[in-house]
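Student: Coordinates only, no sequence provided:
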């Protein structure tokens, strides 16, 4: 029993130690975003997309976040489909999955996506 708990704890530490830095495939599968340190926080830029649009090209910044503790970050998320920027959050679900949530109207209406690490 103690061994199972130790293995579970080690997995949780490994996931949080990995952090969100890396390249992620968005939930739709249409875009890959590289998240890297920038300006004391994190930035995420498009490195691949299935079909460029006027609001989305390789290099377009989709997120700018600052650490908010406990494996989560908060800041701005750019939705290239509607061309708007939203307040949002990023949290680690596991070493290979992150959840992003963007909200409007002071948090009354929110949408979330789960992204998968590609490398």
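Tutor: Arrived safely, thanks for sending. Worth saying up front: this structure is predicted, and the values here are computed from it rather than measured. Numbering: from 1, shown residues only.
Student: what ranges do the strands span in this protein?
Tutor: 22-25, 31-38, 41-49, 61-69, 72-79, 84-94, 97-104, 109-117 (DSSP state E).
Student: I'd like those strands as JSON lines, with mean pLDDT, mean neighbour count and distance to residue 55 appended.
Tutor: Heads up, the C-betas are built off the backbone N, CA and C, glycines and all. Below are the strands of the chain laid out as JSON lines (pLDDT from 0 to 100; neighbours: other C-beta atoms under 10 Å; distance: least, C-beta to C-beta, whole Å):
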{"stretch": "strand 22-25", "mean pLDDT": "98", "mean neighbour count": "18", "distance to residue 55": "19"}
{"stretch": "strand 31-38", "mean pLDDT": "97", "mean neighbour count": "17", "distance to residue 55": "12"}
{"stretch": "strand 41-49", "mean pLDDT": "97", "mean neighbour count": "18", "distance to residue 55": "10"}
{"stretch": "strand 61-69", "mean pLDDT": "95", "mean neighbour count": "16", "distance to residue 55": "10"}
{"stretch": "strand 72-79", "mean pLDDT": "95", "mean neighbour count": "18", "distance to residue 55": "8"}
{"stretch": "strand 84-94", "mean pLDDT": "94", "mean neighbour count": "17", "distance to residue 55": "9"}
{"stretch": "strand 97-104", "mean pLDDT": "92", "mean neighbour count": "18", "distance to residue 55": "15"}
{"stretch": "strand 109-117", "mean pLDDT": "93", "mean neighbour count": "14", "distance to residue 55": "17"}
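Student: Distance of the closest residue in space to residue 45 that isn't next to it in sequence relative to residue 98?
Tutor: Ranked by C-beta to C-beta, 6 or more residues apart in numbering and with sequence neighbours excluded, the top spatial neighbour of residue 45 is residue 61, at 5.2 Å. Going from residue 61 to residue 98 by C-beta to C-beta, to the nearest Å gives 17 Å.
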